[in-house]
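Peer 1: no sequence on this one, just coordinates:
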């Protein structure tokens, strides 16, 4: 039995650590010094009355993305549930990390679905804003001014809009993480300076990452332009000359004019930023990942490390909308059709667990593994301490 003074100190261990489950045989060691007693306490993860608990992922089933009122109320209900269940203290200012959707995209999560969350924060006298970063490629979301205009055009008018990395992605903080691929990461300044965010993610596919959810929203979504480039290193796609029909689709849609057409399409490596939009746009499936470069560059591990940096020192809440689930991401500037019925909304304090829960529910719905590529991200994220893939799903 631990001394009472030690037990009091156990309760001071931050929730972000208490919510992490590695497995039943592993423990964390905390060196806790009180005024009179220096102690080394072996704390089994989330010890409560002698029991071990896995990270909670709350889930609310939603039948249709068109039912905006139900979605808005469900999101607010999930936020309230996780705040009370996990005893989370909300800061006086809590920005909402969102994605405004690329121009021409129709399946991004509209801000009207966030109104329940916004009203919840207002009721609790908490100020907020929509916060986002500029993208790596050229387009409507490349600079602050055009980015804000696009957001407003897409209906994000309920809150102030903050572009966290400045006019052109030049404002960032170096966050030290000392991991395998990065010693430090370039996180957008206004995000790095926050103590807490509500990370609102859209679960869907992604041409390069395999799938996008909370981890990708942290990694790409919170990095400055330079940080995004760091993550994309060695991720240049390749074109099959046998399949290429010289249709010009990739040439016309490349955000960096990095593809030229002679007899066949060709990628200019020095100009390519590795965004993989050409993979999604090619109607003949002639463009694919350069697996050698992809594996050598360890894109998924880089993604996980940037996500780790983005959430470091923060008491975040993650709410993921598994609605309008498309094969490609919201950065694609064209109309796409969902390939599966809407699943619902997930909420957690653990970005790894919430992504895993989304994948598991999707797999169950489809009767097999979907988005198989990219799952190494979860394994590596757990390894570096971002969160755990083990969770308890609680449907409300």
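Peer 2: Here it is on my side, so go on. Quantities reported herein were computed from a predicted structural model and do not represent experimental measurements.
Peer 1: separation between residue 153 and residue 200?
Peer 2: Residue 153 sits 19 Å away from residue 200, going by Cβ to Cβ, to the nearest Å. Bear in mind the C-beta positions are built from the backbone N, C-alpha and C, glycine included.
Peer 1: Neighbour count: these two, which is higher?
Peer 2: Using other Cβ atoms under 10 Å as the criterion, residue 153 and residue 200 rank with residue 200 on top: 25 against 13.
Peer 1: OK, contacts around the more buried one?
Peer 2: Going by Cβ atoms under 8 Å, 6 or more residues apart in numbering, residue 200 touches 96, 97, 98, 109, 114, 117, 217, 319, 320, 321.
Peer 1: Phi first, then psi, for it.
Peer 2: The phi and psi torsions at residue 200 (degrees, to the nearest 10) take the values phi -100, psi 110.
Peer 1: what's the answer for residue 231, then?
Peer 2: Dihedral angles (degrees, to the nearest 10) for residue 231: phi -70, psi -30.
Peer 1: ok, it touching residue 223?
Peer 2: Yes - counting by Cβ atoms under 8 Å, residue 223 is a contact partner of residue 231 at 6.7 Å.
Peer 1: list residues touching both of those two?
Peer 2: residue 306.
Peer 1: about what we covered before: now render the contacts of residue 200 as CSV, adding neighbour count and pLDDT.
Peer 2: Formatted as CSV, those follow (neighbours: other Cβ atoms under 10 Å; pLDDT from 0 to 100):
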residue, neighbour count, pLDDT
96, 23, 98
97, 24, 98
98, 25, 98
109, 24, 98
114, 25, 98
117, 23, 98
217, 26, 98
319, 24, 98
320, 29, 98
321, 28, 98
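Peer 1: Longest helix in this protein, by number of residues?
Peer 2: Longest helix in the chain by number of residues (criterion: DSSP state H): helix 68-85.
Peer 1: List the buried residues in it.
Peer 2: 70-72, 74-83 (16 or more other Cβ atoms under 10 Å).
Peer 1: Pretty sure residue 229 is one of the things residue 306 touches, is it not?
Peer 2: No - between residue 306 and residue 229 no contact is recorded; they are 11.3 Å apart, counting by Cβ under 8 Å.
Peer 1: how about low-confidence regions in the protein?
Peer 2: 1-53, 234-235, 274, 276-277, 280, 289-297 (pLDDT under 70).
Peer 1: Helix, strand, or coil at residue 347?
Peer 2: State at residue 347, reduced to three classes by DSSP: H, G, I helix; E, B strand; the rest coil: strand.
Peer 1: Residues in a beta bridge with it, which ones?
Peer 2: residue 58, residue 319 (DSSP bridges).
Peer 1: neighbours of the closest residue to residue 169 other than its chain neighbours, just the number please.
Peer 2: Sequence neighbours aside, residue 225 is the residue nearest to residue 169 in space, at 3.0 Å (criterion: Cβ to Cβ, 6 or more residues apart in numbering). Using other Cβ under 10 Å, residue 225 has 22 other residues around it.
Peer 1: One more: residue 87?
Peer 2: For residue 87, the neighbour count with other Cβ under 10 Å is 8.
Peer 1: can you give me the strands for the stretch 1-150 of the chain?
Peer 2: Per DSSP state E, counting those that start in this stretch, the stretch 1-150 of the chain carries strands over the ranges 28-33, 38-43, 47-48, 51-52, 55-61, 96-97, 130-132.
Peer 1: sorry, back to before: need the contacts of residue 200 in CSV with distance to residue 333, can you?
Peer 2: Shown next, in CSV, are the contacts of residue 200 (distance: Cβ to Cβ, whole Å):
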residue, distance to residue 333
96, 23
97, 21
98, 17
109, 16
114, 22
117, 27
217, 19
319, 25
320, 23
321, 20
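Peer 1: What is the most widely separated pair among these?
Peer 2: Farthest-apart pair in the contacts of residue 200 is 117 and 217; separation 15.1 Å (Cβ to Cβ).
Peer 1: Give me the distance between stretch 257-267 and the centre of its chain.
Peer 2: With Cα atoms, centre = their mean, to the nearest Å as the basis, stretch 257-267 stands 32 Å off its chain's centre.
Peer 1: So which bits of it are buried?
Peer 2: Using 16+ other Cβ under 10 Å as the test for burial, stretch 257-267 gives 258, 259, 265, 266, 267.
Peer 1: Can you classify residue 211 by secondary structure?
Peer 2: When classified by three-state DSSP, residue 211 comes out as strand.
Peer 1: how about the nearest residue to it, chain neighbours excluded?
Peer 2: residue 371 is the one closest to residue 211 (Cβ to Cβ, 6+ apart), at 3.9 Å.
Peer 1: For my notes, confirm that neighbour occurs in a strand.
Peer 2: No - counting by three-state DSSP, residue 371 falls outside a strand, being coil.
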